[in-house]
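Q: Dropping the sequence and predicted coords here.
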Amino acid sequence: MNARHGDRVRPMRRIAIVGATAVGKSTLAERLATRLDLPAYYLDSLFWRPGWLPTPEQEWEQLLRQLVAGERWIIDGGFTASMRMRFEAADTLIFLDLPRRVSFTSVIRRRLLHAVRPAPGMAQGCRPMFNLRLLRWIWTFPEDHRPVIMQALSDYAEGRNVIHLKSRGELRRFVSSLG
């Protein structure tokens, strides 16, 4: 765990979780929701409609504004276009910065295990995606998206918990540290 501004973690009431595809964002959100008694919102399940149809832009932006205006929440999802809105409202920023191999392995496992029922955080009526576009997105994440996330973490670090987890072990230790 890497917490800026010292290792003391302030109370967590509004948590934004970001990271690459299939690194455990939704699973972490579920665990934190249980341990901290916070409602969890999964952007994938809110944005995508059956058959991978997106929510109309205006409706999506209104929903995001409603979510971040809440007093207590965990919001999990990549969605870099809305990341700064979530970071601005959050008191805790968590970046799951795990290696590509974790994403690739998890995407394959998700496709096999969740072919019938949705994985945590996945929209109803959307089978786990597994195509060249997704694999390319995972491959280019460190170059295309990680720098954007790192900059946003830096920009919004002041007065917030910033937790940068780089391995499954760090992730497990972080969750365990919450009691």
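A: Looks like it came in fine.
Q: And the helices in the chain?
A: 25-36, 43-47, 57-69, 80-89, 100-113, 132-144, 146-155, 168-177 (DSSP state H).
Q: Which residue, other than its chain neighbours, is closest to residue 86?
A: residue 16 (4.2 Å; C-beta to C-beta, 6 or more residues apart in numbering). (C-beta placed from N, C-alpha, C; glycine too.)
Q: That neighbour: how many residues sit nearby?
A: 27 (other C-beta atoms under 10 Å).
Q: Next up, the contacts around it.
A: Applying C-beta atoms under 8 Å, 6 or more residues apart in numbering to residue 16 gives the contacts 75, 83, 86-87, 89-90, 92-94.
Q: before we move on, back to that, can you tell me which of the helices of the chain has the worst average pLDDT?
A: Lowest mean pLDDT within the helices of the chain: helix 100-113, a mean of 78.
Q: How about the contacts made by residue 36?
A: So residue 36 contacts 12, 15, 74, 178 (C-beta under 8 Å, 6+ apart).
Q: Switch the helices of the chain over to CSV; also include distance to residue 162.
A: CSV is the format used below for the helices of the chain (distance: least, C-beta to C-beta, whole Å):
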stretch, distance to residue 162
helix 25-36, 15
helix 43-47, 20
helix 57-69, 18
helix 80-89, 10
helix 100-113, 21
helix 132-144, 19
helix 146-155, 6
helix 168-177, 12
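Q: partners of the residue nearest to residue 86 in the sheet?
A: According to DSSP bridges, the residues that bridge with residue 16 are residue 75, residue 93.
Q: sorry, back to before: report the two of the contacts of residue 36 separated the most.
A: Greatest spatial distance among the contacts of residue 36 (C-beta to C-beta): 74 and 178, at 12.4 Å.
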